[in-house]
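[1] just coords:
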């Protein structure tokens, strides 16, 4: 679907075909585009309002088909709610809802002509005209995602006829600038979704690494891949332990975007993102049963988010130094697989008693975190992982769990989450929980017992964080994919969660 921003002088919706989308505020107050559409249709909107339940509340849509004397095939009047309640997240949802309605109607083209009163002492929208158009376009773009590459039958059932969407804005230059950055983020989200949605027989560690390098190198990102021989030489005992039961070779991918200050000064130190990339998790010898193994192709969603985020930073030429590190493995059971009661020596030198091979993601992250800190000395370190079922039991599918040793970093991520809709909720780190992972024969064990599973997993990771490092761990097991009802801006199983959150964080606090 092609989305373009146009000036009012370049388009007259009433002269073209397709749908003409206009807006109203709560109370049924028509915005300028809607007033124009009402006049052009001989009062069709006014008549429809009188016999409908449309009140202009956010997300409401009133549809009028083929008004007499009007070339557009239909008018869509959409509600924006109260003027002072219009925000970026709501506009993105509205853009997605409009596209969803147009899909259902079988339209091939549409013109969206929505503007809101600017902020004033008496109220009004806090969103500028340019931002309004850009975020409507962003939401429409997110809704357009589809993953149909493996379908071979009944393709017309999945075909979307909507090919062209024009969004009218009176502040075209500023809107295009804002839209360019958001379009880069959308591409990063789509990349992350593609990776999560791929089947595991196609996207195994080496193929994941190949795709990451191919996608990022063309954007100017420096990409390095370490195979098992190099990792064994360096001492990645925890990561390699997880992958030793698979016929597929484990990989470590290092991605560097250098868009910020040069040199060795403190200001040039990167922000670092580390992702868990278990391309399929059978549970190993502690094998999952029944439905618990379904969907485990998505156990690399943390790594997918890191790749998507680095891609979007590079595509929008973010003025920041950022590094992404992802550990890619398969956790499979065979005669060479690691076992309960094994002791692994991590890259940090710390030893880990394995009591459950299905608590494998923390082992992958342990070595990736150590490598990242030793090589790059980042100014801040954030890891993302579909780490525990316990976080889903605690927070469901609305929030990711956040654990951190730095209050400022938590506050920044929480604020970014409120703006983007990718919300995080803080849970505790405490010495009392740390006692739960003490081992009788090694430095630690990889599980803490039957309770507080998300917390003890975070406590485990904290043991690999060096003194003075600002660190946050995001457990995204509840938000990385979705079954059942989909949200307007997330039309697929893989959500691409985290790309928006991290871009907002970087833009607000780390770009030069």
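    Structure received. What you see is a predicted model; the values in this text were computed from it and never measured.

[2] only C-alpha atoms for contact and neighbour calcs from this point on.
    Noted.

[3] residues contacting residue 446?
    Counting by C-alpha atoms under 8 Å, 6 or more residues apart in numbering, residue 446 touches 352-356, 359, 362-363, 437, 457, 460.

[4] Please repeat the previous calculation with a cut-off of 6 Å.
    Applying C-alpha atoms under 6 Å, 6 or more residues apart in numbering, we find residue 446 in contact with residue 354.

[5] pLDDT wise, what is it at?
    Looking at residue 446, its pLDDT stands at 98.

[6] Could you do residue 118 as well?
    For residue 118, pLDDT reads 64.

[7] Off-centre distance for the longest helix seen in the chain?
    Using DSSP state H, we find that the single longest helix of the chain is helix 172-197. Chain-centre distance of helix 172-197: 11 Å, with C-alpha atoms, centre = their mean, to the nearest Å.

[8] buried sites along that helix?
    172, 174-176, 178-179, 181-197 (16 or more other C-alpha atoms under 10 Å).

[9] name the helices or strands packed onto that helix?
    helix 129-143, helix 301-315 (3 or more C-alpha pairs under 6 Å, 6 or more residues apart in numbering; DSSP states H and E).

[10] mean confidence score for the very next helix or strand once past that helix?
    Going down the chain from helix 172-197, the next helix or strand is helix 205-217, by DSSP states H and E. Average pLDDT, helix 205-217: 98.

[11] With stretch 409-420 instead?
    For stretch 409-420, the per-residue pLDDT averages 97.

[12] Can you say which helix or strand has residue 72 in it?
    Using DSSP H and E, residue 72 falls outside every helix and strand.

[13] ok now do it, which residues does it touch?
    16-19.

[14] Inside strands: which ones of those residues?
    Counting by DSSP state E, the part of the contacts of residue 72 found in strands is residue 19.

[15] most neighbours, which of the contacts of residue 72?
    With neighbours taken as other C-alpha atoms under 10 Å, the top of the contacts of residue 72 is residue 19, carrying 27 neighbours.

[16] per-residue confidence for residue 83?
    You'll see residue 83 listed with a pLDDT of 87.

[17] meant to ask about residue 233, not that
    98.

[18] for the one 10 residues further on, same thing?
    Note for residue 243: predicted pLDDT of 98.

[19] same check, this time on residue 126
    69.

[20] One more: the one 5 residues further on?
    The model reports residue 131 with a pLDDT of 93.

[21] and the residue nearest to it when sequence neighbours are not counted, how far is that from residue 210?
    Spatial nearest neighbour of residue 131, excluding adjacent residues (C-alpha to C-alpha, 6 or more residues apart in numbering): residue 175 at 6.2 Å. Residue 175 sits 35 Å away from residue 210, taking C-alpha to C-alpha, to the nearest Å as the criterion.

[22] and what of residue 199?
    For residue 199, the distance to residue 210 - C-alpha to C-alpha - is 16 Å.

[23] Please enumerate the strands of the stretch 301-450 of the chain.
    With DSSP state E, counting those that start in this stretch as the criterion, the stretch 301-450 of the chain has strands at 321-331, 343-345, 351-353, 380-385, 399-404, 423-426, 444-445.

[24] Determine how far the second one lies from the middle of the whole chain.
    Put plainly, it is strand 343-345. A distance of 33 Å separates the C-alpha centroid of strand 343-345 from that of its chain, computed with C-alpha atoms, centre = their mean.

[25] Ok, the shortest one next?
    Its chain's C-alpha centre and that of strand 444-445 lie 32 Å apart, by C-alpha atoms, centre = their mean.

[26] The fifth one too?
    Strand 399-404 has its average C-alpha position 15 Å from the chain's average C-alpha position, going by C-alpha atoms, centre = their mean.

[27] Okay, now the sheet partners of it, with direction.
    Paired strands of strand 399-404, with direction, are strand 423-426 (parallel), strand 471-475 (antiparallel) (DSSP bridges).
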